[in-house]
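K.L.:
Test case, fold it:
(one chain, ligands or ions: 2)
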Amino acid sequence: MSFDNLGLHAALTRAVSEAGYAEPTDVQRAAIGPALQGRDLTVAARTGSGKTAAFILPALEAVRAAREAAGPRGGASGAGRGPRVLVLTPTRELALQVAKATLTYGRHVPGLRVATVVGGVPYGAQLKALRGPLDVLIATPGRLIDHLGSGKAELEHLQMLVLDEADRMLDMGFIEDIQHIAEATPQTRQTLMFSATFGGHVGKLASRLLRSPQHIDVASHTDTHENIEQRLHWVDDHQHKNALLDHILTERSVDQALVFTSTQRDADWLADRLAELGHAVAALHGGMPQGRRNRVLQALRSRQLRVLVATDVAARGIDVPTISHVINYGLPMKAEDYVHRIGRTGRAGRSGLAVTLAERRDASQIHRIQHYTTQRIAAATIAGLEPRRAEPKPGMPTREGPSRSDARRPGPGGKPAWGKPGMRGGRKPAARAFPA
Ligand code: ADP
Ligand code: MG
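P.N.:
Numbers count the residues shown, from 1 in each chain. Ligands and ions are numbered 1, 2, ... in the order given. Next comes the predicted model:
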């Protein structure tokens, strides 16, 4: 099936073919038709599967059709009347990326107006964009709430609301903001919700915001990610972990690497350390000013950086196809973030390598990740850098039992998590074997 059979206007299929897309991905094939028919949708699909186009193309079709109906002088929705489409994303970086994709897919929609409203940047340009005619607004919830509160943003003419990475937005505590934003929009709007999972709070939010939605589940977190090879290295201590990281980063197969840490402090520390070793590296985390965050991501895209050391702020959505390696230097707090992290490589059909460096005290978290993905991560070693200690038994609970791994992390101002004595002894028999 080609893009031509999905019911999109030629202005959109042309842009898609100019972007080099020969045919729609599975999620695009499944979601674009029902979205064009005006259905509310919940959509779960793998990282890197092309979800952005799956919601932006129908959104642009709605914009285009509304303009056509308004006649030759209809233009964008009138000044100060707010956008027709609103996309909410959890992070600022993702908002900017979605905006860029909107301009790419919408390049043949005459006079298309796209604006972003994100935190951490000056209000001036955003206020100007909100005053003018606007088709598509892409926002992080916090800053949009500010603009709604001051009456600068209006959503009365909204036709379509899209929540990208909805589960992440809820994790970040945006549930009330999202509901508040939704209340400012017409009841007649169409709502599309994209999320890794639809359990728990996300399910509740979906049932509140969506009207008789169609559920699309193209491939879930238990997918095998054939194009992403996953490896697990057990490390003895902090020094051993660094030696493995250094070795991996000097391999020639590394085009660009994204190294995840558990805390902002670790990200800064590790980026400094790698810079001293001569790597073209920078840190990215939520504690940095937004201007710097944007420049760092830009430097990664333009390949001035070979290594990015980031917290989970970079785990979702970021699409830099040249990332060949994802390295988990510190484990994610939540098992599902593992899936999102490794999904930063192997984008758009390429292959990638995801390496996890785990200390023995991380065994229970590794177990949770494997339980979540229902796949075992194969343990690997590097010649000369083998761990001295035996691999932990599968499913070995740590002394602390199934507590969240962040309990061991330092709070703000604390010491980095490493260097503490590992959780030794107290081994109990395996509670649950790894799935085969
Ligand atoms: P997701 O949001 O599902 O993680 P993205 O929307 O960021 O994925 O898309 C991942 C990559 O795939 C992007 O680089 C995008 O340009 C590319 N892509 C999207 N749709 C297609 C397609 N139909 N054919 C080829 N590449 C595509
Ligand atoms: Mg995405």
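K.L.:
Just the element for the residue nearest to the spatial centre of the chain, please.
P.N.:
Nearest to the centroid of the C-alpha atoms of the chain, with distances taken as Cα atoms, centre = their mean, sits residue 316, at 1.3 Å. In the assignment (DSSP states H and E), residue 316 maps to no helix and no strand.
K.L.:
which ones are touching it?
P.N.:
Residues in contact with residue 316 (Cβ atoms under 8 Å, 6 or more residues apart in numbering) are 90-91, 94, 165, 168, 340. Glycine gets a C-beta too; all of them are placed from N, C-alpha and C.
K.L.:
mind giving me CSV with the residues you listed and columns for secondary structure and distance to residue 352?
P.N.:
Listed next are these as CSV, based on DSSP: H, G, I helix; E, B strand; the rest coil; distance: Cβ to Cβ, whole Å:
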residue, secondary structure, distance to residue 352
90, coil, 22
91, coil, 21
94, helix, 19
165, coil, 20
168, helix, 21
340, helix, 13
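K.L.:
Let's have those residues in TSV, adding neighbour count.
P.N.:
Shown next, in TSV, are these (neighbours: other Cβ atoms under 10 Å):
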residue	neighbour count
90	24
91	25
94	25
165	22
168	25
340	22
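K.L.:
and of the residues you listed, the nearest to residue 283?
P.N.:
Proximity of the contacts of residue 316 to residue 283 (Cβ to Cβ) peaks at residue 91, which lies at 15.4 Å.
K.L.:
so that closest one makes contact with residue 317?
P.N.:
Yes - counting by Cβ atoms under 8 Å, residue 91 does reach residue 317; the two are 7.1 Å apart.
K.L.:
Can you name the next helix or strand after whichever strand or helix holds residue 146?
P.N.:
Remark: residue 146 resides in helix 141-149, with elements defined by DSSP H and E. Downstream of helix 141-149, the first helix or strand assigned by DSSP H and E is strand 160-163.
K.L.:
Any idea what the nearest residue to residue 300 once chain neighbours are set aside is bridged to?
P.N.:
Nearest non-adjacent residue to residue 300, counting by Cβ to Cβ, 6 or more residues apart in numbering: residue 308, 5.2 Å away. Assessed by DSSP bridges, residue 308 has beta-bridge partners residue 258, residue 282.
K.L.:
okay, now residue 308: neighbour count?
P.N.:
Around residue 308 there are 26 other residues, counting by other Cβ atoms under 10 Å.
K.L.:
list the contacts for it?
P.N.:
By Cβ under 8 Å, 6+ apart, the residues touching residue 308 are 256-259, 281-284, 296, 300, 314.
K.L.:
Swap in 7 Å and give it another go.
P.N.:
If you count contacts by Cβ atoms under 7 Å, 6 or more residues apart in numbering, residue 308 has them with 258-259, 282, 284, 300, 314.
K.L.:
Quick one: these as a markdown table, columns for neighbour count and pLDDT too.
P.N.:
What follows is the contacts of residue 308, written out as a markdown table (neighbours: other Cβ atoms under 10 Å; pLDDT from 0 to 100):
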| residue | neighbour count | pLDDT |
| --- | --- | --- |
| 258 | 26 | 97 |
| 259 | 28 | 98 |
| 282 | 23 | 97 |
| 284 | 25 | 96 |
| 300 | 24 | 96 |
| 314 | 30 | 89 |
